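Undergrad: Have a look; sequence and predicted model below, questions after that.
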Amino acid sequence: MTFSFRPLALPDDAALLHSWIANDHAAFWGMPDASQDQILAEYEQLANTDDYQVLLGLQEGEERFLIELYDPATSPLSGRYAYVSGDRGLHFLSPKVQESQSGFTLDAMTAAVKHAFDDPSVERIIVEPDIRNKAIHALNARVGFQVIAPVQLLEHDGSIKDALLSVLTRTDFEQATGVVSAATYLSPQRWETANRHVLAKALGEFSHERLLDPAGHGHGEFSVHKENHRYLFSARRYQLNHWVVDPESLRHEVYATGQWTPADIDVLDFVTLFQTELTLSAAQLPTYLEELSSTLTSHCYKQLHSQSTSTQLAQFAGTAAQSFQRIESSMTEGHPCFVANNGRLGLGRSDYLRFAPETGSAVRLGWAAAHRSRAQFNSIDSQDYESLLASELSPADRERFERVLSQTLVGTGLEASDYLLLPVHPWQWENRLSITFANDIARKQLVWLGTASEQYQAQQSIRTFFNVDRPEGHYVKTAMSILNMGFMRGLSAEYMKVTPAINQWLGELFNSDPVLRSQPVALLREIAAVGYRNPQFEAATNAAAAQRKMLAALWRESPIGMLNDGERLATMASLLHVDAQGGSFAAALIRSSGVAPEKWLRQYLDAYLIPLVHCLAAYDLVFMPHGENVIMVLKDGLVERVLLKDLGEEIAVLSDRVELPEQIRRVRTGGDPVLSVFTDIFDSFFRFLAPLLDGEGLVPESSFWAIVAESLLSYRAEHPQFAEYFDQLGLFAETFPLSCLNRLQLRNNQQMLDLSDQSGGLLYAGDLENPLAAAVVPSR
């Protein structure tokens, strides 16, 4: 059957609607006794509802059925299920007169769903029919809908509807019906935009790292040439050799038959052409191209679904947890330095929609039972295994898991009490553990228990989850064996063994240090961890092998319980977010605060930079303070304080000046302390933030660095007992070494660094002029 659709026309269609709705056949629509005028009034109201469509399905020009498409976020479903950007609600009504035609209802429903999916922004379709409507449940199942749960919904007339919530993905629809919708977020226009964005970043970052040396043509015009290709572009240059390339200015031209002719903007072609200049080996190039392709694909998705402006995000609508996670899923850029920053090799299309942080999807974590002969639980002193499980699993989940475990062990001679329970990323179990650790599963060393009931949202780090059902609950970090930005994103059982002890020591240090106690900074401690070891793979590999990092989990404190009235949260990475209109989140926060931009910046530096410098001056203690490892606590747009996280794997003590418990001596690494400021803070974050504020006319770049200098000198003056160590850092030196992150990924995108000797594997490309050396410190 062939169907078409037209919008509802009122009042002309009122009589038709009345004949279809005001009868017992349509009783579940709740208007069996309504008059034509009442139905007209109802649909006039729907016609005036934002993002609500009422359509008539036509067969050979004749009206045969009704569909309604709506935004679940503004419907009675709002707040009742885990909404994901790209969800579209569907109501479907096939009049009784049509049902005598064999197969009509299924064909009509299939056509209705395909019509909804023909909108490329629609990723899932949501239905919530009355739970008593068995006929529509069966029809939904036939086109691929998956039942989620019963749900009670408040209707517009004040009544309560007992509904059955079901969800349909494009993949499930295709598998159930064989019907394919050609609509996709990978359109030619979005692909072109993504290529321009990534190529502009590539030109900027590869020039920053001195892999490319663009020729200047005056007035901000530059080009790079190779063979018969040239790429021309406009760019602004800032301190720290920072390039901001205008994506719209990019032109690719090819010289042939005596003239230059326009060619496609394609970042994969560009990287292949400049393979030698980028130091890419023949072995590394294909994988790097895969990572770039994935990054481009992610950018296309974000173009379609990241609709909130920076100003809207800075309004922090909803609860603290809701606005926090909305910001987390709205960010359109990964790590600011890496060009291929959304590689995520190993994820398929359906995996991407389920697990990528930008989709905002809700995930139920899997759980496994691991035999204690191979698994180890460790925690800070105030935490124990039983109390942790009591806080992380509902009684019903715990009882169900223990029942599954007991049943699985029947006849094996093994005891359920000899097992530890741990959360597992669903993708990890399905794609890696169920095959790689099959020996362990067959011998009941490892038992799959199913999924727990609470829902989590992936954070920007993709393998870390925030509890959206119970925001005060712990973050959960899991192993996920995908390749992203130069590392397999596993989790080492060996590292998990001492992670809580590192966090306990660090927490005690912060509590005992009088300066840190007075600073607007706190820790999100990793309070417990479980690691699982496979002796066969350990015998066959070295410590860096991916197989040793396949199954572990840790629990981290949530920031929600640390908030005071009116406070909101955002990761520091969001400061660099730029919306589709070119507005940055940092600028939106400053404008919403109502204070002078310079004052806003000083308060931010007092919370972020000064505590990090104090830890360095007082203890030779360094963090990995990139944007995703720092959470800002904000009030009225101002940074009240910051929370540092990802501590167990990221901190280091660079000298013998501080005494360490024997258990955590691995954190004493040696290395150049000043690089933690110059590289991790100045070059990897401030290099991007300063131009954003300059470009929006808030803080000139020179003033930005002058305020940074003033903040540092104020710390030195206020804490003379650390002045000697502060001076030894050389923060005002004329230059500092340029440590190159992309060069590391280009050298080895499987294992960018040996985590046991990170400083020893760094790559440098000369020196950068230190903007603090020439900074003129303003007076307050």
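TA: Sure thing, it's come through.

Undergrad: Could you identify the helix or strand that succeeds the biggest helix by length in the chain?
TA: Taking DSSP state H as the criterion, the chain has its longest helix at helix 597-619. Going down the chain from helix 597-619, the next helix or strand is strand 621-622, by DSSP states H and E.

Undergrad: which outside residues touch that next one?
TA: With C-beta atoms under 8 Å, 6 or more residues apart in numbering as the test, strand 621-622 has contacts from 509, 612, 615-616, 651-654, 658, 671, 673, 676, 680. Quick note: C-beta positions are derived from backbone N, CA and C, even for glycine.

Undergrad: Please identify the pairing partners of it and their relative orientation?
TA: Strand 621-622 sits in its sheet next to strand 652-653 (antiparallel), going by DSSP bridges.

Undergrad: just how off-centre is the partner strand within its chain?
TA: 28 Å (C-alpha atoms, centre = their mean, to the nearest Å).

Undergrad: what does stretch 56-75 give?
TA: Worked out by C-alpha atoms, centre = their mean, stretch 56-75 lies 34 Å from the chain centre.

Undergrad: mind checking the end-to-end distance for that stretch?
TA: One end of stretch 56-75 sits 21 Å from the other (C-alpha to C-alpha, to the nearest Å).

Undergrad: residues of that stretch that come out buried?
TA: 56-59, 63-72, 75 (16 or more other C-beta atoms under 10 Å).

Undergrad: do the same with stretch 284-300
TA: 284-285, 287-292, 294-300.

Undergrad: hey, which helix or strand in the protein has the poorest pLDDT?
TA: Using mean pLDDT, DSSP states H and E, strand 487-488 stands out as the lowest-scoring helix or strand of the chain, at a mean of 74.

Undergrad: For the next helix or strand after it, name the packing helices and strands.
TA: Using DSSP H and E, the next helix or strand after strand 487-488 towards the C-terminus is helix 493-512. Applying 3 or more C-beta pairs under 8 Å, 6 or more residues apart in numbering; DSSP states H and E, we find helix 493-512 packed against strand 375-379, helix 514-518, strand 521-523, strand 526-532, strand 552-556.

Undergrad: so can I have TSV of these showing mean neighbour count and mean pLDDT?
TA: Compiled in TSV, the helices and strands packed on helix 493-512 are given as follows (neighbours: other C-beta atoms under 10 Å; pLDDT from 0 to 100):
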stretch	mean neighbour count	mean pLDDT
strand 375-379	20	98
helix 514-518	13	96
strand 521-523	20	98
strand 526-532	25	98
strand 552-556	26	97
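
Undergrad: Name the helix or strand for the nearest residue to I610 once chain neighbours are set aside, please.
TA: Leaving aside its sequence neighbours, I610 sits nearest to Y715 (C-beta to C-beta, 6 or more residues apart in numbering; 5.1 Å). Y715 belongs to helix 701-718 when assigned by DSSP H and E.

Undergrad: for that helix, packing partners?
TA: By 3+ C-beta pairs under 8 Å, 6+ apart, helix 701-718 packs against helix 597-619, helix 687-695, helix 723-729.

Undergrad: Run the angle between the longest helix of the chain and helix 493-512 for me.
TA: Taking axes from the mean of the first three to the mean of the last three C-alpha atoms, to 10 degrees, one finds helix 597-619 and helix 493-512 inclined to each other by 110 degrees.

Undergrad: and the nearest residue to N467 once chain neighbours are set aside, how many neighbours does it have?
TA: Leaving aside its chain neighbours, N467 sits nearest to G473 (3.8 Å; criterion: C-beta to C-beta, 6+ apart). By the measure other C-beta atoms under 10 Å, the count of residues near G473 is 19.

Undergrad: List the contacts of D683.
TA: Applying C-beta under 8 Å, 6+ apart, we find D683 in contact with 240, 337, 738-739, 768.

Undergrad: want to throw the residues you listed into JSON lines with secondary structure?
TA: Formatted as JSON lines, those follow (DSSP: H, G, I helix; E, B strand; the rest coil):
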{"residue": "L240", "secondary structure": "coil"}
{"residue": "C337", "secondary structure": "coil"}
{"residue": "L738", "secondary structure": "strand"}
{"residue": "S739", "secondary structure": "strand"}
{"residue": "L768", "secondary structure": "strand"}
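
Undergrad: thinking again about what came up before, please list the members of the buried residues of stretch 284-300 that lie in helices.
TA: Checked against DSSP H, those include these in helices: 285, 287-292, 294-300.

Undergrad: Make sure E44 is indeed in a strand.
TA: No: residue state for E44 (three-state DSSP) corresponds to helix; a strand is not indicated.
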